[in-house]
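*Asks:* okay, structure incoming, though there's no sequence with it:
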Ligand code: TYD
């Protein structure tokens, strides 16, 4: 595989989408080919509405819908772009499921990982930026909550704790960035964190 696979993770309101865009612009300015993409919806467009607007959905169905989107995303978007030598920047990927459906909803991590092996074809990010934010601050930043964002503080606390445990388990893959700072400072921290990876 020729490209580089980078993911952004974090609670809703952590500024992932803004930082993904800024990072893509920065890399493009250096002449690097970038494919900016996101989950949910990067593979199957219709899945977002099912997941975020529906009223009741079992955690298992929720995970399998995210996974259906991810299976398409990996095969049709991420792998082809990596094959072309691009940097793929994905706003959320498998760690979102581990944090939200695993730690947040309480599904077993071993089942999630077993399914994920086939879904992702074993594709792991080279680097994951975790935009870390206290759950209270994350909730304050969410103005029009969707189904998951409406879960409240305890849910957000479990998800954040999950992300931190995932990062602790794989320190070589994760870079934790304090996302409670102004956008420009977070962007600068990200740029300095990836400097060593640039060609
Ligand atoms: P989000 O990145 O917030 O999309 P947007 O900013 O466009 O609304 O993602 C939507 C929600 O989906 C978010 O609350 C996190 C959740 N999510 C999961 O619970 N599991 C997953 O595997 C993914 C990809 C997202």
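*Replies:* Looks like it came in fine. Owing to the predicted nature of the structure, the values given are computational and were not obtained by experimental measurement. Residues are numbered from 1 along each chain as shown.
*Asks:* from the contact counts, what lies against the helix or strand harbouring residue 69?
*Replies:* Using DSSP states H and E, residue 69 falls within helix 59-72. Judged by 3 or more C-beta pairs under 8 Å, 6 or more residues apart in numbering; DSSP states H and E, the packing partners of helix 59-72 are helix 47-53, helix 94-97, helix 109-119. For glycine as for every other residue, the C-beta is placed from the backbone atoms N, C-alpha and C.
*Asks:* following that helix, which helix or strand comes up?
*Replies:* Following helix 59-72 toward the C-terminus (DSSP H and E): helix 79-83.
*Asks:* can you list contacts of that next one?
*Replies:* 1-5, 35, 37, 88, 121, 123 (C-beta atoms under 8 Å, 6 or more residues apart in numbering).
*Asks:* can you list the strands that whatever helix or strand comes next after that helix pairs with?
*Replies:* Note on helix 79-83: by DSSP H and E, the next helix or strand toward the C-terminus is strand 87-91. Strand 87-91 pairs in its sheet with strand 4-10 (parallel), strand 34-38 (parallel), by DSSP bridges.
*Asks:* to the ligand, which of those strands lies closest?
*Replies:* Proximity to the ligand, assessed across the strands paired with strand 87-91 by C-beta to the nearest ligand atom, is greatest for strand 34-38 (6.6 Å).
*Asks:* scan the protein for its longest helix.
*Replies:* Longest helix in the chain, counting residues (DSSP state H): helix 153-169.
*Asks:* what is that helix packed up against?
*Replies:* strand 127-132, helix 135-141, strand 174-178.
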